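K.L.:
predicted model and sequence follow; I will ask about them next.
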Amino acid sequence: MAVKVLFVCMGNICRSPTAEGVFRALVEREGCTQHIEIDSAGTHAYHVGEPPDPRSQQAAAMRGIDMSMLRGRKVLSDDIERFDYILAMDRENYENLLSICPEGLEQKIELFMSYASERQEEEVPDPYFGGMGGFDRVLDMIEDASSGLLQDIFKRHGLR
C-alpha cells in the first residue's frame, strides 16, 4: 500500500505544485514511485484546471523539474481522510485545512517546513506577487523540506 502525500497552498499554482514536482523528482531518484503517491491542491478554487504559474514552471525547469502536466484543484475534506500526510505551506492554509477536517484527523495536517533541516522558516512564502527570486527561494525551501519528509516516510513506514 502506497504512502499518500498531499501538498497544499492557497491557489495550487505556485507553492504546492512546486512541492509536488520537487518531491516527485526526489521520489523517482530514490526509486520509490511505486510506494509513494503524490498530489497537490489549493484551499481556494481560484485556479482549478490551470497549469502552475509560468514562473514556478520556469524556476523548476532550471533545476530539471517538469511541472507542465500538473493542474490546479481545490482540496476536499475527503482528501484529509485519503492522504497520510497533508502538508500546508503556511499557517493560513493550515487553518483553512483544519476548518474542513473531519473530526479526529487533525493530526494529519502539518506545516511542510516542519520537515526542513537546513532552514529555520516555518512557512513557505507565497511568491506570486514578487519577482523570480521569490520562486528560487521557494524552491530552496521546498527541496530542504522534501528531503526531510522523505527521510520521515522511510523511517515511519519502513520503506527503502
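P.N.:
Perfect, I can see it now.
K.L.:
quick one: the strands in this structure?
P.N.:
If DSSP state E is used as the criterion, the strands of the chain fall at 3-9, 36-42, 85-88, 109-111.
K.L.:
show me what the shortest one is packed against.
P.N.:
By that I understand strand 109-111. Packed against strand 109-111 by the contact rule (3 or more C-beta pairs under 8 Å, 6 or more residues apart in numbering; DSSP states H and E) you find strand 85-88, helix 91-100. From N, CA and C alone the C-beta is placed, and that goes for glycine too.
K.L.:
what comes into contact with that strand?
P.N.:
Contacts to strand 109-111, defined as C-beta atoms under 8 Å, 6 or more residues apart in numbering, come from residues 80, 85-91, 94, 97-98, 101, 122-123.
K.L.:
repeat that for 7 Å
P.N.:
I86, L87, A88, Y94, L97, L98, C101, E122, E123 (C-beta atoms under 7 Å, 6 or more residues apart in numbering).
K.L.:
residues touching the fifth one, list them.
P.N.:
Okay, so that is L97. When contacts are counted by C-beta under 7 Å, 6+ apart, L97 touches V8, T43, V75, I86, A88, I109.
K.L.:
in CSV: the strands of the chain, plus mean pLDDT, distance to A19 and mean neighbour count.
P.N.:
Written out in CSV, the entries for these read as follows (pLDDT from 0 to 100; distance: least, C-beta to C-beta, whole Å; neighbours: other C-beta atoms under 10 Å):
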stretch, mean pLDDT, distance to A19, mean neighbour count
strand 3-9, 98, 4, 25
strand 36-42, 98, 6, 23
strand 85-88, 98, 7, 26
strand 109-111, 98, 12, 19
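K.L.:
any chance of the ones you listed in JSON lines, plus distance to P127?
P.N.:
Conversion of the strands of the chain to JSON lines gives the following (distance: least, C-beta to C-beta, whole Å):
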{"stretch": "strand 3-9", "distance to P127": "10"}
{"stretch": "strand 36-42", "distance to P127": "15"}
{"stretch": "strand 85-88", "distance to P127": "16"}
{"stretch": "strand 109-111", "distance to P127": "17"}
